[in-house]
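1. For reference, the sequence and a predicted model appear below.
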Amino acid sequence: MKKVRKAVFPVAGLGTRFLPATKAIPKEMLTVVDRPVIQYVVDEAREAGIEHFIFVTGRNKAVIEDHFDLQFELNHTLAQRGKDDQLAKLQQMQPRPGQTSFTRQQEPLGLGHAVWCARELVGDEPFALLLPDMIMQSETGCMKDMVELYRQTGHNVVAVQECDPAEAHKYGIVGQGGSIHHGFEITSMVEKPKPGTAPSNLYINGRYILQPEIFDVLSRQEKGAGNEIQLTDAMLTLKERQPFYGYAYKGRTYDCGSPEGFVEANVAFALWRADINGSMAGVIEEMLRTIKPRGKRIA
């Protein structure tokens with residue numbers, strides 16, 4: 001069984017829901033408290049033992065590459081000014097030489113196509129896939145526990161969480177089979193099932209460990225919902241030949257691809273920080289008491 005050494009991060013999206021903020025800044029570089037969204041996701045992968053970080057980029061995403069590059073001038077300035085804490089923080093998040101790779105998705109043809117664009121960099125080995133819009137909050141990272149489940153099963157692993165059954169039609173939903181280690185066998189996968197037909201209330205939350213055979217399926221370039229190449233469709237095809245296991249993540253997930261989820265993540269991570277949670281809690285309580293919403297309240 002091969003070790004999961006590589007992780008793919010699809011970062012080619014335009015971020016139109018955040019315009020005008022994302023006109024010149026990639027949505028992945030918007031900050032939650034004091035770190036870009038993409039940094040949280042890369043840190044989660046690093047905690048899980050990932051050694052090689054593969055970014056599938058698009059136009060206007062060069063700043064992501066710059067963020068993970070070494071900035072000699074900045075480091076020198078921090079050292080000269082005695083800002084050792086800030087310097088140590090930058091050095092801690094700095095990937096080692098050769099640990100990052102970047103490839104382009106020239107056309108927005110869907111998540112499945114973005115994953116397929118990383119095929120030459122991944123090669124013939126299992127890989128992690130982390131959707132940068134989704135950031136996780138828990139003492140142990142979601143991907144770390146998924147890697148452990150992979151070690152026990154040797155097959156594909158998908159992270160899931162519970163949702164309101166009435167909301168299941170909005171997500172990719174899995175069917176739950178028998179338990180194995182700290183996960184379960186996935187019996188079915190349905191993308192946005194019709195109301196009342198979902199096999200469970202467990203939705204796919206943006207974390208995967210996939211076998212390289214997924215690239216053979218994606219190479220067919222078959223389009224699904226939205227006239228895009230869908231990853232879920234490819235996983236359904238692969239499931240006919242290989243088992244899939246689910247890991248039920250118990251932490252919190254914030255969808256930073258939406259303005260509401262992004263704001264929620266900022267509040268949650270600010271309150272989670274021991275150095276600022278006291279002052280932030282007071283500020284939030286005061287705001288709730290005194291700030292009145294502008295315009296018509298949306299129920």
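-> Looks like it arrived, so ask away. Numbers count the residues shown, from 1 in each chain.
2. Show me what the residue nearest to residue 202 when sequence neighbours are not counted bridges to in the sheet.
-> Spatial nearest neighbour of residue 202, excluding adjacent residues (Cβ to Cβ, 6 or more residues apart in numbering): residue 160 at 4.1 Å. Every C-beta, even on glycine, is put in place using the N, C-alpha and C of the backbone. Residue 160 forms beta bridges with residue 204, residue 248, as assigned by DSSP bridges.
3. Relative to residue 242, how far out is residue 160?
-> 18 Å (Cβ to Cβ, to the nearest Å).
4. more crowded one of those two?
-> Shown here are residue 160 and residue 242; by other Cβ atoms under 10 Å, residue 160 has more neighbours (24 against 14).
5. Show the low-confidence segments of the stretch 151-299 of the chain, by residue range.
-> Low-confidence segments of the stretch 151-299 of the chain (pLDDT under 70): 295-299.
6. how about the helices in it?
-> Per DSSP state H, counting those that start in this stretch, the stretch 151-299 of the chain carries helices over the ranges 214-218, 231-239, 259-272, 277-290.
7. Ok, the stretch 1-150 of the chain next?
-> Using DSSP H, counting those that start in this stretch, helices in the stretch 1-150 of the chain cover 37-47, 62-67, 72-80, 84-93, 111-116, 119-122, 142-153.
8. Among the helices of the stretch 151-299 of the chain, which comes closest to residue 24?
-> helix 259-272 (17.5 Å; Cβ to Cβ).
9. packing partners for that closest one?
-> Judged by 3 or more Cβ pairs under 8 Å, 6 or more residues apart in numbering; DSSP states H and E, helix 259-272 is in contact with strand 31-32, strand 134-137, strand 252-255, helix 277-290.
10. hmm, back to that, highest average neighbour count across the helices of the stretch 1-150 of the chain?
-> helix 111-116 (a mean of 24; mean count of other Cβ atoms under 10 Å).
11. still on that earlier bit, residue 205 is in contact with the residue nearest to residue 202, correct?
-> Yes - under the criterion of Cβ atoms under 8 Å, residue 160 makes contact with residue 205 at 6.2 Å.
12. so what's in contact with these two at the same time?
-> residue 249 (Cβ atoms under 8 Å, 6 or more residues apart in numbering).
13. how far does stretch 105-125 sit from the chain's center?
-> How far stretch 105-125 lies from its chain's middle: 16 Å, per Cα atoms, centre = their mean, to the nearest Å.
14. got the end-to-end distance for it?
-> 21 Å (Cα to Cα, to the nearest Å).
15. And the residue nearest to residue 202, how close does it get to residue 212?
-> 22 Å.
16. got it, and residue 180?
-> Taking Cβ to Cβ, one finds residue 180 at 22 Å from residue 212.
17. Please apply the same query to residue 178.
-> Between residue 178 and residue 212 the computed distance is 26 Å (Cβ to Cβ).
18. Those two: who's more crowded?
-> For residue 178 versus residue 212, the count of surrounding residues by other Cβ under 10 Å is larger for residue 212: 14 against 7.
19. Next up, the contacts around the more buried one.
-> Counting by Cβ under 8 Å, 6+ apart, residue 212 has contacts 122, 123, 124, 125, 126, 127.
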